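Chemist: Sequence first, predicted coordinates after that:
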Amino acid sequence: MTQNALRILIIEDNRDIAENIGDYFDARGHVTDFAMDGITGLHLALTGTYDVIILDLMLPGMDGLTLCAKLRQEGGKTTPVLMLTARDTLDDKLIGFDTGADDYLVKPFALEELAARVLALSRRNSKPSTALLQVGDLTLDTATLKVHRQGHEIELNHTCLTILKHLMEASPHVVTRRELEHALWGDTPPGSDALRSHLYTLRTKIDKPFNAPLLHTLHGIGYRVEATS
C-alpha cells in the first residue's frame, strides 16, 4: 500500500460495475474491498477502517439508504459515503443526504469523475485542527466534529460539516458559492442542485428546530452564518 493510497469499500451488486471501479482504483495504488449485498456491506463498513465507501442505492438484502442510516445512527461511523444511483431527482438526492450520504453520483458515470469525487471526500475526512468555532448559540468542535445549538447535539454528514466549518470560520463574512463548491469538490463540481441540496439539509438541521435563523442566503452572492439580534 503506497503512502497516499486510499482504502475504499465498494458496495455494489453489479459485478461488472464493481470490478471496473476496483480495477481503476487498484491500478492507481489504492486498496479496495467488495460487498455484493447490503448486509455484507454494512458488516464490512462497521468492522473495517476505510477512507471512503462507494455505496449503490439498490442492493439485495438491504438497500443503500437503510445501510447508510444504520452506519451513521447505529454504528456511529463517520466514514464518507458516495452514493451511486440511477435516480436523478432533487427529492432522491435530499433523501440520500438526509440518511448520511456525503456525495451522490448518477449512473452511468465516468470513472475519472468518480475518482475525483472519492479523492475530494478523502481530503475532507483528514484529521481536522483542534478548535472550537462558535457563532451565537451554535458551536462546532473541529476536533470531534460535534455540533451543538442551545445544548442540543446536531448530527451532520461530512459535506454539511465542511460547509458549516467554512461558513463559521468566515463569519460574519460571506462565502461565495464558488468558494464552497471548490472546498467540497475541487475543480469538478457536480450539477448546480448539489450544493443547494446540502445547504437545504444544513438549514433544516441547524435552523429549523430553533427560533432564530443563523444560515443566511445572499442571492447572487453567497452564504454566511451570523447571529442577528
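Modeler: Alright, I've got the coordinates. Numbering: from 1, shown residues only.

Chemist: what's the helix or strand of the chain with the lowest mean pLDDT packed up against?
Modeler: Of all helical and strand segments in the chain, the minimum by mean pLDDT, DSSP states H and E falls on helix 90-98, at a mean of 73. For helix 90-98, the helices and strands in contact under the criterion 3 or more Cβ pairs under 8 Å, 6 or more residues apart in numbering; DSSP states H and E are helix 64-73, strand 81-85, strand 103-106, helix 192-206. From N, CA and C alone the C-beta is placed, and that goes for glycine too.

Chemist: And these: which comes nearest H182?
Modeler: When these are ranked by proximity to H182, the top entry is helix 192-206, at 10.8 Å, counting by Cβ to Cβ.

Chemist: Distance check, H43 against L119.
Modeler: Taking Cβ to Cβ, to the nearest Å as the criterion, H43 is separated from L119 by 26 Å.

Chemist: Which one of those two is surrounded by more residues?
Modeler: The neighbour count for H43 versus L119, taken as other Cβ atoms under 10 Å, is higher for L119 (18 against 11).

Chemist: confidence score at that one?
Modeler: The predicted structure scores L119 at 92 on the pLDDT scale.

Chemist: So G100 belongs to a helix, correct?
Modeler: No: G100 sits outside any helix when classified using DSSP: H, G, I helix; E, B strand; the rest coil, being coil.

Chemist: wait, it sits on V81?
Modeler: Yes: using Cβ atoms under 8 Å, G100 makes contact with V81 at a distance of 6.5 Å.

Chemist: Quick check: which ranges of the chain have low pLDDT?
Modeler: In the predicted model, the chain carries pLDDT under 70 at residues 1-3, 88-90, 92, 125-130, 191-192, 229.

Chemist: can you do 80?
Modeler: The chain contains residues with pLDDT under 80 at 1-4, 87-96, 124-131, 143, 186-193, 228-229.

Chemist: Centre of the chain to stretch 202-222, how far?
Modeler: Relative to its parent chain, stretch 202-222 has a centroid offset of 19 Å by Cα atoms, centre = their mean, to the nearest Å.

Chemist: ok, and what's touching that stretch?
Modeler: Applying Cβ atoms under 8 Å, 6 or more residues apart in numbering, the external contacts of stretch 202-222 come out as 135-138, 147, 149-150, 152, 154-156, 160, 163-164, 167, 174-177, 179-180, 199, 223-228.

Chemist: rerun that using 6 Å as the cut-off
Modeler: By Cβ atoms under 6 Å, 6 or more residues apart in numbering, the residues outside stretch 202-222 that reach it are 136, 138, 154, 156, 160, 163, 174-177, 223-225.

Chemist: Same check on stretch 13-29?
Modeler: Stretch 13-29 is contacted by residues T2, A5, I8, I10, E12, T32, F34, M36, L59, P60, L111 when judged by Cβ under 6 Å, 6+ apart.

Chemist: got the buried residues for it?
Modeler: Residues of stretch 13-29 classed as buried by neighbour count (16 or more other Cβ atoms under 10 Å): D13, I17, A18, I21, G22, F25.

Chemist: In the protein, which residue is most central in space?
Modeler: D102 (1.7 Å; Cα atoms, centre = their mean).

Chemist: what sits against that residue?
Modeler: Contact analysis of D102 by Cβ under 6 Å, 6+ apart lists P80, V81, L121, N157, H158, T159.
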